[in-house]
Each structure stands twice: as structure tokens, then as C-alpha cells.
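Undergrad: Need the 3D shape of this:
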Amino acid sequence: AYIGFADADDVIEPLIYEKLYEEMISRNADIVSAAIREIYSGNIIEIRTNDRDLPILSGREAACNMLRYQGGIRTVVWDKLYRADLLKDIRFREGCVYGEDTLFNFQAMMSCSRYSRIPYVGYTYDHTASSVTGRRFNSAVMSNVRIVYKMAQYCAADCDDADTAELQEAVNQYRITIYRQIFHKLLIEGDYRNRNKEEYLELKTAALSVDRQFVKKYLSVKDYIQWLLYLYWPDMFLKINRIHHRD
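TA: Have a look, this model is predicted:
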């Protein structure tokens, strides 16, 4: 048995599951992903395709590529076909608005032996329905903070020593990327002193749990200074940001 997912607002090409299934059988894969098309307000903004004859990846390799935004492996579930027995103990996290696909895929890839990709553009994702209007920080995005922290805990506790280092590095890179995005959004659009104080403190605690030497290694000098401003001098970050936008 095999399992695929789709969003109600999107478009599935008629042959997508046939193509994914054929690839899964011919290459004995556990997970296969297709290429996608993205649209916004009715206009195609990007076609994210895959090269032909891509090598088979292990699940750990696929997870690293996904977290590093490499090789056309996306964090979403709707461009993929999964072998059903791979998912028997994996469930979407209840109450999680952001990041649930990432954790689901991460867990599936940890059980996956062979991951493959096909160049067929089989899915059209419509950003229009999921776009967020307004300039106010949404507290629901904090679920993403908990998701990436959970992945880091998994690496620390459950990975074999031989496989841990590269996966931990990929998870930490992804954590830093997510934390920076949320810090920026929270400080610019939210109210970190009052209305969003709890979210800011939770995010700060999560960010401080990332080894500082790794942060310095991964970020440029400019981005590392901004990281320190997020953590210790948010008022200064806001002041600099206002000056930058005035200029």
C-alpha cells in the first residue's frame, strides 16, 4: 500500500501517482517526490523541477538535503508518495499549524532506506489561498520553533554515532534559519515587550540552545551580529531597522 497527500486548493496532474508509483517500483524506493509548479494570484511564479536520473539517496541524506534546501527535496508532504508501512508509527502533530510537514518528513526519512525523485511536474501549489495579509505577528508560527527543537532532540538521543554529525549540522542550520525568520517577524510585526513577550522568551531560549560556535561558523559576520541583537539587544535591532528603512 502507498500513501500520498494533497491540499484541497491545489491541482494534481492526472499522472502524478502513476509516475511516482512507477519510480518507486523500478528503483525499490520508500519515498519518491515529484517536481512542482507554484502559482500566486493565477500566475505561475516558479516551476521547481528535478534533473533526470538522479541518484538514490538514503533517508538520512534526503533529510540533510531537505533541511539545507538542496536537491529539490521540499519540506512538504504533498509532492511525495510514501510506502505505507513506513508511516505506521508516524502521525501529524496535533495543534501544529506551522512545521508539521517538516517533522512528518523528517521522521519518515529516518525510517527510509531509499529516496528517489522524478522530473515530472505533477503538482501545482497555489500560494494565494495560504497567503497571510496584514503586518501583525501570528503566534501560531511558534509551533515551528517547537518542531525544529524536537528534531534536534531526536538527533541528540536516537541517531547512531556514525550518522549523527552531518544530520545534527543540517538540523542546526535549519534551526538557525527558522529562528532568524521568526525573530525578524516577531520584532518587526509583534510586541516583544508585552503582547508577544512569552513567544519572544521561548524563541530566545530555543536559540540559546544552539551552540554559539556553530552559529558563528554558519552565519556571516553581519548575520551573526544581527543574531546577537535579536537575543540581547532587540531595541537596538529595531532602531537600526527603522534607520535602514528610512534611508
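Undergrad: Now residue 3: which helix or strand?
TA: Counting by DSSP states H and E, the element that carries residue 3 is strand 2-4.
Undergrad: In the sheet, which strands lie alongside that strand, parallel or antiparallel?
TA: Strand pairing for strand 2-4, using DSSP bridges, gives strand 80-83 (antiparallel).
Undergrad: average pLDDT across whichever helix or strand comes after the strand it pairs with?
TA: Using DSSP H and E, the helix or strand that directly follows strand 80-83 along the chain is helix 100-110. Helix 100-110 carries an average pLDDT of 94.
Undergrad: So what's the residue count around residue 41?
TA: Number of residues near residue 41 (other Cβ atoms under 10 Å) recorded here: 9. For every residue, glycine as well, the C-beta is placed using N, CA and C.
Undergrad: State the distance from it to residue 12.
TA: Here residue 41 is placed at a distance of 20 Å from residue 12 (Cβ to Cβ, to the nearest Å).
Undergrad: ok, residue 57 - contacts?
TA: 65, 71, 114, 115, 116 (Cβ atoms under 8 Å, 6 or more residues apart in numbering).
Undergrad: shouldn't the fourth one be in contact with residue 27?
TA: Think residue 115. No - applying Cβ atoms under 8 Å as the test, residue 115 and residue 27 come out as separate, 9.7 Å apart.
Undergrad: joint contacts of the two?
TA: Joint contacts of residue 115 and residue 27 (Cβ under 8 Å, 6+ apart) are residue 56.
Undergrad: Counting neighbours, go ahead and name the busier of these two.
TA: Using other Cβ under 10 Å, the more surrounded residue of residue 115 and residue 27 is residue 115, with 28 against 13.
Undergrad: Next one, pLDDT for residue 129 please.
TA: The predicted local confidence for residue 129 is 60.
Undergrad: neighbours of residue 103, just the number please.
TA: By the measure other Cβ under 10 Å, the count of residues near residue 103 is 23.
Undergrad: ditto for residue 31
TA: 26.
Undergrad: My understanding was that it contacts residue 113; is that so?
TA: No - under the criterion of Cβ under 8 Å, residue 31 makes no contact with residue 113, lying 9.6 Å away.
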